[in-house]
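Q: Let's see this in three dimensions:
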Amino acid sequence: MGVEAAVPLQLKRGAGRPVPLDQFAKPRRRVSANAVLGMGLWGLLWLGYNTDLGHVMEPNFPTNTMDLIHGVRAFFPMLAGWFACLMILARSNRLFPWIIGPLGLILLYAVTGLVSSATLSIDPTDALYYGANYLAIVLVLLAIVLVEDPLPDLRRMLGLTWIVGTILTFGLLGSIPFLGSQVVGVTEANPAGMVAYTRVVGIMGMTGTRNTGFARYAAISGLVALRGFMRKGNSATRIIWGIVFSASMYALIIANGRTEILAFVASLAVLLGAERAKRFAYFLVGTGAAILLGLRGFYSGFYFYLLRGRPIDLTMTGRTKIWAEGWHLLWKSPWMGFGFQADRYYLSGWHLHNAFLHVLLQSGFLGGGAILIGLAIVWYYLIKYFILHQPSDKSLIPPEIPAVFLFVTISSIMESTFAFFSAAWLLSAPIVAYVMALHRHLRRARAKAAWEKLLRSRLPKHSLQAAGSREGIEVVPPLAAGDTEH
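A: Numbers count the residues shown, from 1 in each chain. Have a look, this model is predicted:
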């Protein structure tokens, strides 16, 4: 085998100064079939959100056209899971490396919850339905990553996810004038003079959102919009992003979700801190703004806004009592839990409102511990690649990814975000697959750079030059391992 075949050279035809390959303009990559499939299946999961088996279980189903629509789309997540299974079988030769990582641990959580749903749940039919929907999320992610380089496809799936979150924000915000007093309460504790979605009101045959859900959509769309506004581009695009950000901030304020607001502030700091080149400038501007706000009495007003004019509630609106009951219940089946929706069946219909405890209650320490370990691994790589050791190609690490994931993680203290088939998990689950795909991508890049460096050290320099001269090509030394990743 010749030198040309043995060494993947970086070459530039013609005379002149050698130019590294990463300085050439990258061609626009077409949307792959895998990306189309991924977005289609993820769209099916979203279309199956906010419905249940109750529609089809009614003896007189369907009562009207809307009831028929909700009954049919209740099975869309399982349909997506079925297609994902077929894709996984066709790509099974790539499955093992992904199973031993966070996606495999989340899969263990889902499977364990399904087993306990079938054997221990009071209502196995309903529990298995929600467990199958949750399993479908993991299966779709596994199906999409089983290609050579899933990063671009997952990036497009994340783009679709951000679009859905923005649509939900604008849809709920736009419906307020039509629903009026049904969803809006008047209060002096809010700068806007009102709080939106304080009462759950059904919309088009679906269960309505609470103010915390509304705030969650608004915060995520706001983080994504701010990143779009900060990105270099034409004026019209930045104006659009600015409008989206402003509307999202207004929605976040009138939703008055206290946990969501605090999580948004922390995520905003991560979003700005991830921009290493501008980190010091952001720090100076942030410090100056913080001092000015303090002089204007902002913090006392913000404190009053968060508490809504009431004393500090150490019970967190009664959540600590429910957490204690859930923890006591867990020890009756500590290893397997009680299946999906266990809090609704065993805690007098109450929602547990804590994802970390909720996963243990549903899948025990076996499944719940698995997903918590998986998410901890994701956080390790988020901190490593997005904050501490950023790769040279900054397009691989959009700062909205750690910001959104931090927001969902903090929200998980007061909400069961990633514990069941929910909008919060649909908005953040693709991040798990993206971060692990990024890790594999960078690891392969390091290995390739190290291999090229080893070959260069073993081959005489004149052999490389001779290979280039035969083709009329000027040889450029390969990138060192340190140039691939800082």
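
Q: Going along the chain, name the strands of the stretch 351-486 of the chain.
A: 473-476 (DSSP state E, counting those that start in this stretch).

Q: and what of the chain?
A: Secondary structure of the chain, counting by DSSP state E: strands at 10-13, 184-186, 194-196, 473-476.

Q: What pairs with the second one, parallel or antiparallel?
A: Sheet pairing of strand 184-186 (DSSP bridges) gives strand 194-196 (antiparallel).

Q: which other residues reach the strand it pairs with?
A: The contact list for strand 194-196, computed with CB atoms under 8 Å, 6 or more residues apart in numbering, reads 172, 176, 183-187, 211, 214, 251, 254-256. All C-beta atoms are positioned from the backbone trio N, CA, C, and that covers glycine.

Q: For those, pick the one with the most neighbours.
A: When neighbours are counted as other CB atoms under 10 Å, the busiest of the contacts of strand 194-196 turns out to be residue 255, with 29 neighbours.

Q: Retrieve the pLDDT associated with it.
A: Residue 255 carries a pLDDT value of 89.

Q: show me the residues around it that make contact.
A: 195, 196, 197, 211, 212, 214, 215, 218.

Q: The fifth one - nearest residue in space that isn't next to it in sequence?
A: Read it as residue 212. Spatially, and ignoring its direct neighbours in sequence, residue 212 is nearest to residue 257 (4.3 Å; CB to CB, 6 or more residues apart in numbering).

Q: Wait, that neighbour touches residue 198, no?
A: No. When contacts are counted by CB atoms under 8 Å, residue 257 is not listed as touching residue 198 (10.6 Å).

Q: tell me, what's touching the two both at once?
A: When contacts are counted by CB under 8 Å, 6+ apart, the set common to residue 257 and residue 198 consists of residue 211.

Q: These two - which one has more neighbours?
A: Set residue 257 next to residue 198 and count neighbours by other CB under 10 Å: residue 257 wins out with 25 against 16.

Q: The more buried one: what's it in contact with?
A: If a contact means CB under 8 Å, 6+ apart, then residue 257 has 211, 212, 214, 215, 216 as its contacts.

Q: Check residue 210 too.
A: Contacts of residue 210 (CB under 8 Å, 6+ apart): 197, 198, 200.

Q: isn't the first one right up against residue 183?
A: Yes. Counting by CB under 8 Å, a contact exists between residue 197 and residue 183, whose distance comes to 5.0 Å.

Q: Need the overlap of contacts for these two.
A: Common neighbours of residue 197 and residue 183, counting by CB under 8 Å, 6+ apart, are residue 208.

Q: Give me the below-cutoff pLDDT ranges for the stretch 51-200 of the chain.
A: Where the stretch 51-200 of the chain drops to pLDDT under 70, the residues are 187-193.

Q: what's the domain layout of the protein?
A: The chain breaks down into these domains under automatic domain parsing: 3-16+449-484, 33-448.

Q: sorry, back to before: which member of the contacts of residue 255 is positioned nearest residue 130?
A: Ranked by distance to residue 130 (CB to CB), the contacts of residue 255 are led by residue 212 at 19.9 Å.

Q: what about the closest one, neighbour count?
A: A total of 19 residues lie near residue 212 under the criterion other CB under 10 Å.

Q: center of this protein - which residue?
A: With distances taken as CA atoms, centre = their mean, the residue of the chain nearest its centroid is residue 428 (1.9 Å).

Q: If we go by neighbour counts, what in the longest helix along the chain is buried?
A: If you go by DSSP state H, the chain has its longest helix at helix 423-458. Counting neighbours by 16 or more other CB atoms under 10 Å, one finds that the buried residues in helix 423-458 are 423-442, 445, 449, 452.

Q: residue contacts, residue 183?
A: Listed by CB under 8 Å, 6+ apart, the contact set of residue 183 reads 175, 176, 196, 197, 198, 199, 201, 208.
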